[in-house]
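Test case, fold it:
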Amino acid sequence: MKNIIYKTILFSLILITFSCSNDSEGDESEVDEPITMVGTWQLTSYTFENSYDFNGDGTSSNDFIEETNCFTDVRIIFNEDGTGEQIATSLSFTIIDDEIVMNCEPPTTVQKTWSLDGSELTVQSEGLGFKAIVDGNSFSYTWNADALVQFFFGDEYSDNETYVYTKVE
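Numbering: from 1, shown residues only. I've put the predicted structure just below:
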């Protein structure tokens with residue numbers, strides 16, 4: 001009986017010794033770095049839930065950057081004072097021989113304001129805006145893309161597009 005009690009106490013001491021850690025080490029590893037939005041954020045992903053052939057090359061993709069090559073330089077710059085600017089590209093469409101042809105327009109700069117509440121980023125411009133979730137050095141948001149896919153493919157289509165920006169500076 002003494003042997004069982006001795007082994008139980010020894011096992012408990014070993015378990016306690018290896019399960020405890022230095023509190024300061026635990027605190028350091030559990031402290032998240034504060035989110036710093038100030039800087040330049042590049043559009044790194046622009047996808048749809050479904051795949052489409054927007055560029056008419058016979059291959060469908062859900063990656064709109066790949067389908068258009070128009071969005072490779074889109075970025076948002078956040079300033080410390082809650083202002084910023086987005087360098088954006090838009091598309092124009094022409095119909096040539098009953099085919100819809102997309103054209104990349106030159107980049108334009110749009111002034112923005114922004115705020116951060118925890119990991120929720122709010123970006124506004126001229127009454128329009130979006131709310132994004134910040135995760136480390138990236139943020140993302142989803143937008144309804146029905147108008148775009150219906151323009152190309154008909155009223156029966158419905159989809160959402162997701163934008164992901166990654167901090168580059």
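
quick one: residue 42 and residue 168 touch, right?
Yes: with contacts counted by CB atoms under 8 Å, residue 42 reaches residue 168, the gap being 4.8 Å. Just so you know, the C-beta spots here come from the backbone N, C-alpha and C atoms, and that holds for glycine as well.

who does the longest strand seen in the chain pair up with?
Assignment by DSSP state E gives strand 39-52 as the longest strand of the chain. Applying DSSP bridges, strand 39-52 is found paired with strand 61-63 (antiparallel), strand 75-78 (antiparallel), strand 160-167 (antiparallel).

The spatially closest residue to residue 63 that is not a sequence neighbour bridge partners, please.
Once flanking residues are discounted, residue 63 sits nearest to residue 47: 5.6 Å by CB to CB, 6 or more residues apart in numbering. Beta-bridge partners for residue 47, by DSSP bridges, are residue 63, residue 162.

how about the strands in this protein?
Using DSSP E, strands in the chain cover 39-52, 61-63, 75-78, 83-88, 91-96, 99-104, 108-117, 120-125, 128-135, 138-144, 160-167.

list the contacts for residue 56?
Neighbouring residues of residue 56 by CB atoms under 8 Å, 6 or more residues apart in numbering: 99-100.

ugh, typo on my part, it should be residue 166
Contacts for residue 166 were tallied using CB under 8 Å, 6+ apart; they are 41-42, 44, 137-138.

which one of those has the most neighbours?
residue 41 (25 neighbours; other CB atoms under 10 Å).

I'd say that residue and residue 78 touch.
Yes: between residue 41 and residue 78 there is a contact at 7.0 Å, judged by CB under 8 Å.

what's the spacing between residue 119 and residue 103?
In this view, residue 119 and residue 103 are 37 Å apart by CB to CB, to the nearest Å.

Would you tell me which one of the strands of the chain is buried the most?
strand 75-78 (a mean of 20; mean count of other CB atoms under 10 Å).

Give me the contact list for it.
37-43, 84-87, 112, 114, 123, 165, 168.

picking that back up, could you tell me the model confidence score at the residue nearest to residue 63?
Note on residue 47: pLDDT of 92.

Could you do residue 111 as well?
Looking at residue 111, its pLDDT is 96.

Kindly report the same for residue 133.
For residue 133, the model assigns a pLDDT of 94.

I figured it hits residue 121, correct?
Yes: here residue 133 lies in contact with residue 121, judged by CB under 8 Å, at a distance of 7.4 Å.

Residues that sit against both of these two, list them.
Common neighbours of residue 133 and residue 121 (CB under 8 Å, 6+ apart) are residue 139.
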